[in-house]
Every structure is written in structure tokens, then in C-alpha cells.
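Q: Starting from these lines, generate the structure:
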Amino acid sequence: MSVRIERVVTSGSFTLDGGSWDVDNNVWIIGNDDEALVVDPAHDADAITAALGDRRLTAVVCTHAHNDHINAAPALADRTGAPVLLHLDDRLLWSQTHPERSPDGYLCDQRRLGVAGTEIQVLHTPGHTPGAISLYAPELGTVLTGDTLFAGGPGATGRSFSHFPTIIRSIRDRLLTLPPDTTVLTGHGPSTTVTDEAPHLNDWIARGH
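A: Presented below is the predicted three-dimensional model:
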């Protein structure tokens, strides 16, 4: 059975530094008819569980620890028995949302995850947060970038734990070096490709997003 990537859009609030913003999040499910992993379980464990159906959940993977990307993670893990995985450098951000529960495991650069016979490579792409990661699936020609790279530019770096020069380095050195036809699946909004985003790197630097 072929591996596919499905999107579930959930809605809620992003809160940080005393502010709160309404957001729509892309939750990604990678797998086949038998098993899957979930990327960025946002806001609504019921909607994500319904989309999974009777598939076995192998892991709950968080691209970073802003609350709107992790707030449904414990509930989803409790329902399914799947481990919650996060990069170690985002453990402090995680604890702001879930002080009573730690992730079940920590990710590092170049770690390989597997689901439905497909390998997914962890790329450490800090800047939006210290532990932000992207997930590259070469066989699928796809990278899931969380809030590191969007259609039209880098993720936000104007709040705590973020750093603009670092996110630019991550995008330049880790994402725009992927094959040009790689599809970029983002944490919010529409998808894009490496080809579409690469020509704009110098413009982003000049604008100082």
C-alpha cells in the first residue's frame, strides 16, 4: 500500500510572551492504510483521531514546541500509546504548555524515522525556535518545515526563543539545498516548493523578516 501525506486543518490560539493570536494549523499525517505518524498535533485531538481512523499511530512528532503545535500531543499519545517526539533544544518551550508531562523522546539532527516502509530524515532547522526541525522524506519528494519556511518567506522571529540570522542559515543551508522540485509542506497556510522559494532568499535577508 502506497504511502501518502494527508492534511488536517485545526483552529485555536497561539500564545507567547503575553499575547494570543487565532491561528489555523496544518496537521500532517504520513502513512498508509495500516500505520501512520502525526506531525504537529494542534488544538483538536478528536479531529486528528478521526482522520487516523483505525490506523496504528507510530509516533507524534512536533516540529517545534510553540503551544499551537503541541497542545493536542499528550491527548493523542494517551489515546494511541504513540510516543511524543521533540528536539531537545525546545524542552523549555514545551514545559510552558505541558509542565506536568515531558516528551517521550528527543530528536536530533539526522535521526531517521520510519513509517509504512518510508524513511523520514530529521533536519535541525533552528531560528523560529532553538529546537525547530524539518522532516525530509526523499522517497516522497517532500519536506515538512513546520514554521521555519512558508510560501513567501521565513517563519516569524520577533518573539522569545527566536533569531532571524539563525532561521536564514537554516533555510539557506538545510532546506534550499534540497532538490529543487521538493514540495514544502508548512505549519500554516499553503504549500510551496524549493524552486519557488529559493530565488527570494536575498530579498528576505534585505527585508529582515
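Q: give the contact list for Glu197.
A: Contacts for Glu197 were tallied using C-beta atoms under 8 Å, 6 or more residues apart in numbering; they are 149, 151-153, 171, 176, 184. Backbone N, C-alpha and C define where each C-beta goes, glycine included.
Q: mind listing what's buried in stretch 42-52?
A: If you call a residue buried by 16 or more other C-beta atoms under 10 Å, then stretch 42-52 has these buried ones: 42-45, 47-49, 52.
Q: And the contacts of it?
A: 6, 8, 10-12, 25, 27, 29, 36, 38, 41, 68-72, 75-76, 79-80.
Q: Can you tell me which of those residues end up in strands?
A: Judged by DSSP state E, strands contain the following of these: 6, 8, 10-12, 25, 27, 29, 36, 38.
Q: returning to that earlier point: are any of the contacts of Glu197 buried, and which?
A: Taking 16+ other C-beta under 10 Å as the criterion, what is buried in those is 149, 153, 171, 176, 184.
Q: What is the nearest of the residues you listed to Arg101?
A: For Arg101, the nearest member of the buried ones among the contacts of Glu197 is Leu149. The distance, counting by C-beta to C-beta, is 29.1 Å.
Q: okay, the closest one: pLDDT?
A: In the prediction, the pLDDT value recorded for Leu149 is 98.
Q: Likewise for the one 3 residues further on?
A: Gly152 is assigned a pLDDT of 95 by the prediction.
Q: Next one: it from Arg207, what distance?
A: Distance, Gly152 to Arg207, using C-beta to C-beta, to the nearest Å: 11 Å.
Q: Confidence-wise, which helix or strand of this structure is lowest on average?
A: The element with the least model confidence among the helices and strands of the chain, by mean pLDDT, DSSP states H and E, is helix 201-207, at a mean of 87.
Q: For that one, name the packing helices and strands.
A: Secondary structure elements in contact with helix 201-207, counted by 3 or more C-beta pairs under 8 Å, 6 or more residues apart in numbering; DSSP states H and E, are helix 164-170.
Q: for the helix it packs on, which positions count as buried?
A: Counting neighbours by 16+ other C-beta under 10 Å, the buried set in helix 164-170 is 164, 166-168, 170.
Q: So which elements touch that helix?
A: The criterion is 3+ C-beta pairs under 8 Å, 6+ apart, and the helices and strands that helix 164-170 contacts are strand 153-154, helix 201-207.
Q: go again using 6 Å as the cut-off
A: Counting contacts by 3 or more C-beta pairs under 6 Å, 6 or more residues apart in numbering; DSSP states H and E, helix 164-170 is packed against no other helix or strand.
Q: could I get that helix in CSV with only the CA atoms?
A: Output in CSV follows, covering the C-alpha atoms of helix 164-170 (Å, rounded to 0.1, in the frame of the first residue of the first chain):
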residue,chain,number,x,y,z
PHE,A,164,16.4,35.9,12.4
PRO,A,165,20.0,35.2,11.3
THR,A,166,19.7,31.6,12.5
ILE,A,167,16.5,30.9,10.6
ILE,A,168,18.0,32.3,7.5
ARG,A,169,21.0,30.0,7.9
SER,A,170,18.7,27.1,8.4
